[in-house]
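1. Here's my sequence, what's the structure:
(2 chains)
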Number of protein chains: 2
Amino acid sequence: MYEVLEVKSHIRNYSVLFADSFRESLGKDTQEKRCFFIIDRSIDRIYHEQLRDVLHPGSCFVVDATEEHKSLDYVKAVIKWLLGSDIKRNDRLIALGGGIIQDIAGFVSSILFRGIEWFFYPTTLLAQCDSCIGSKTSLNVGEFKNQLGTYYPPQHIVLDVNFLKTLSTADTRSGLGEIIKVHLLDGPDSLEYIRSEYDHSADPDTLKELIFRSLRIKKTIIEEDEFDKDRRNILNYGHTFGHAIESVTDYKVSHGQAVTVGMDIENYVSFRLQILPQGSLDLMRVPIMKNYPDFQLEEEHIAPLLAALSKDKKNVDENLTVILTRGAGEMIKMKLPLNDRLKEYINDYRKTT
Amino acid sequence: MYEVLEVKSHIRNYSVLFADSFRESLGKDTQEKRCFFIIDRSIDRIYHEQLRDVLHPGSCFVVDATEEHKSLDYVKAVIKWLLGSDIKRNDRLIALGGGIIQDIAGFVSSILFRGIEWFFYPTTLLAQCDSCIGSKTSLNVGEFKNQLGTYYPPQHIVLDVNFLKTLSTADTRSGLGEIIKVHLLDGPDSLEYIRSEYDHSADPDTLKELIFRSLRIKKTIIEEDEFDKDRRNILNYGHTFGHAIESVTDYKVSHGQAVTVGMDIENYVSFRLQILPQGSLDLMRVPIMKNYPDFQLEEEHIAPLLAALSKDKKNVDENLTVILTRGAGEMIKMKLPLNDRLKEYINDYRKTT
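-> Model prediction:
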């Protein structure tokens, strides 16, 4: 049995519960009060029989988890369905799915009646190990990705690792990217832990332990800086270049594996700027290489990569905002000019892979 | 010179400044950082010359203040314009207008980049005396009015009573409805004050004093219960029946005057339930009658009025949630069954007008 993680928040405190059976937990939720459900279509398909006798007919909205659905238009459709189903401000919304379902359900919950209660059952590794805590919801608007959102955590997160059994390798590796990230952020002990345990992550107990540790590390950071003004910025480690990799590969590389590449590039840049010693670079690279995607950074990627970097929303002026490192547990936010020197570093990095 | 009102908020504290010249204040705002403007079309028309040299060309979005624009679709259009104009998370949004502009700009500010800085220059009496503080933003979705929103106060509210000179009588009386409301909520002294000062409200200094007093009364209530869980509910005094009056008259009676009628009905119901003595009913009726709209509740209004009441979002079960009163300063939230007795009270009320 894992302890319950209690997360402090300016919105309201909330908890993560490790459950042995999501079905049992859902049964309890629905007995407490009237519930409405937003469910990922693949979860609905896989668990249809188990869900059928827990959920009330007419209380489920099934969502295809696509980026296009992270929009105000789709949010409006969900809200119209909820209001049309006569939802009241004391009712509860329950979301089952990954990060996209979380974003849609969290945003809907934050604006309907200026905020209703919602519970989240994350079903992907990425959602379980990372996004389920931290209060953020994100929507896209046109070509602008994740530019809209609110801070509105679920009241309650129920985590059942059994969901992970049906995940694709790509989805598992995506989650492992964020697991590696927080372990590198945390310090040498966590680096050592992920270095040795990565290879056993197919074992459910090891994976559960990795999820628990990842959430515990993230919890201390978000409790200190929920609104991402300062310390929380370090969670963007690997993301400045990671987002650019996603964009350049047209999202064929998953988020967490793009972050894996992003960390590797950001470490290399830290090394070239003489912030990170060669020994630490090599040590941090061990878990990174275990999770590296089947992707080779080619010379023709460089120009679109730089273009994507210059569009990043984190960049409030001409400079690139990036998390560099002096080693595990020693991250530093820096501004780097998007110049020829950086281009040279990226090109040199390319040759090391 | 009026003191600055500082309002405490869970989101962040904010202030209301009484300014002699909005133009001077805007000039200062725009010198501090990059600003984008959302402006009511009639304000843009009336003050075009004065605004032209303060605002940067291409930085203004002019809005027709209609209920249809309080929608997710319109919010999306505003956000697309802002992102297309390359707004960054450190920039500032400034809204000039009444409650509708406030709702649109406040909602946009609360979700763009998960919250950007915004300032509000209220230009109607209703916005100056009431809605500008309290953190709420509201949107409609389809036929469901004000069911969506966020809590996101402006960082700074700049109040120039010169805007009120161009208001129509209807708009002035709408604002006076909410001014009467908070004075009745506050207690016998405030009741006495509004009773004696109402007739002088055309005088700018008296009006300014009434606005200041209204905000000061509302401030103590919202600081105690920003998220409307308990004490803040009393601000709905006059609104349960007021909203129904708006609906029945197809919004031909303004919000604040509908609230004026609403208070009168709710007082009468309190009287019939033997909560409110006849003497207090009569006393509270003095300022109410001064602001009563040119509207007569007819017998054929009763059925649609009851239908509108049963649809009210505040009613989470079969009962009507309504603020009744024992007298000025003694409001009580009650649940009333929507039954024949209530229908009889409303019909009897009709005969008293």
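2. C-alpha from now on. contacts and neighbour counts both.
-> Noted.
3. Could you list the residues of the stretch 1-150 of chain A in contact with chain B?
-> Counting by C-alpha under 8 Å from any C-alpha of the partner chain, the residues of the stretch 1-150 of chain A lying close to chain B are A:10, A:72-73, A:76, A:80, A:83, A:88-90, A:110-115, A:141-142, A:144, A:147-150.
4. of the residues you listed, buried ones?
-> For those, a neighbour count by 16 or more other C-alpha atoms under 10 Å in any protein chain shown gives the buried set as A:72, A:76, A:80, A:83, A:88-89, A:110-115, A:141, A:147-150.
5. low pLDDT regions in the stretch 151-300 of chain A?
-> By pLDDT under 70, the stretch 151-300 of chain A has no low-scoring segment.
6. give the contact list for the spatially most central residue of chain A.
-> Within chain A, one residue has its C-alpha closest to the average C-alpha position: by C-alpha atoms, centre = their mean, that is residue A:131, at 3.9 Å. By C-alpha atoms under 8 Å, 6 or more residues apart in numbering or on different chains, the residues touching residue A:131 are residue A:99.
7. for the stretch 1-150 of chain A, what spans make up the strands?
-> Residue ranges of the strands in the stretch 1-150 of chain A, as given by DSSP state E, counting those that start in this stretch, are A:5-7, A:14-18, A:35-40, A:60-63, A:92-97, A:117-122, A:136-141, A:144-151.
8. I meant to write the stretch 251-353 of chain A there.
-> Counting by DSSP E, counting those that start in this stretch, one finds strands in the stretch 251-353 of chain A at the ranges A:319-327, A:330-337.
9. tell me the most buried of the ones you listed?
-> Mean neighbour counts were compared across the strands of the stretch 251-353 of chain A using mean count of other C-alpha atoms under 10 Å in any protein chain shown; the top stretch is strand A:319-327, at a mean of 22.
10. Now for residue A:181, how many residues are close by?
-> Residue neighbour count, defined by other C-alpha atoms under 10 Å in any protein chain shown, stands at 27 for residue A:181.
11. So it is in contact with residue A:236, correct?
-> No - at 9.2 Å, residue A:181 does not count as touching residue A:236 under the criterion of C-alpha atoms under 8 Å.
12. Quick check: nearest residue in space to residue A:72, chain neighbours excluded?
-> Using C-alpha to C-alpha, 6 or more residues apart in numbering or on different chains and skipping the chain neighbours, the partner closest in space to residue A:72 is residue B:72 (6.7 Å).
13. show me what contacts the one you found?
-> Contacts of residue B:72 were listed using C-alpha under 8 Å, 6+ apart, and they are A:72-73, A:76, B:139-141.
14. Try it again at 10 Å.
-> Taking C-alpha atoms under 10 Å, 6 or more residues apart in numbering or on different chains as the definition of contact, the neighbours of residue B:72 are A:72-73, A:75-76, B:78, B:104, B:107-108, B:139-142, B:148.
15. now, which of those residues sits nearest residue B:232?
-> For these, the residue nearest residue B:232 by C-alpha to C-alpha is residue B:148; the value is 18.4 Å.
16. Can you name the residues that contact the closest one?
-> Under the criterion of C-alpha under 10 Å, 6+ apart, the contact list for residue B:148 reads A:79, A:108-115, B:70-72, B:107, B:137-141.
17. hang on, the earlier thing: how close does the residue nearest to the centre of chain A get to residue A:175?
-> Note on residue A:131: its distance to residue A:175, by C-alpha to C-alpha, to the nearest Å, is 10 Å.
18. who touches both of these two?
-> Residues touching both residue A:131 and residue A:175 by C-alpha under 10 Å, 6+ apart: A:124-125.
19. Give me the distance between the residue nearest to the centre of chain A and residue A:169.
-> When C-alpha to C-alpha is applied, the distance between residue A:131 and residue A:169 equals 19 Å.
20. Kindly report the same for residue A:109.
-> Relative to residue A:169, and taking C-alpha to C-alpha, residue A:109 is found at 31 Å.
21. okay, these two: which has more neighbours?
-> Neighbours per residue, other C-alpha under 10 Å: of residue A:109 and residue A:169, the larger number sits with residue A:109, 24 against 9.
22. ok, now which ones touch the closest residue to residue A:9 other than its chain neighbours?
-> Nearest residue to residue A:9 in three dimensions, chain neighbours excluded: residue A:223, at 6.5 Å (C-alpha to C-alpha, 6+ apart). For residue A:223, the contacting residues are A:7-10, A:13, A:134, A:231-232, taking C-alpha under 10 Å, 6+ apart as the criterion.
23. what does residue A:209 give?
-> A:2, A:197, A:201, A:215.
24. That one: what secondary structure?
-> In terms of secondary structure, residue A:209 is helix; the call rests on DSSP: H, G, I helix; E, B strand; the rest coil.
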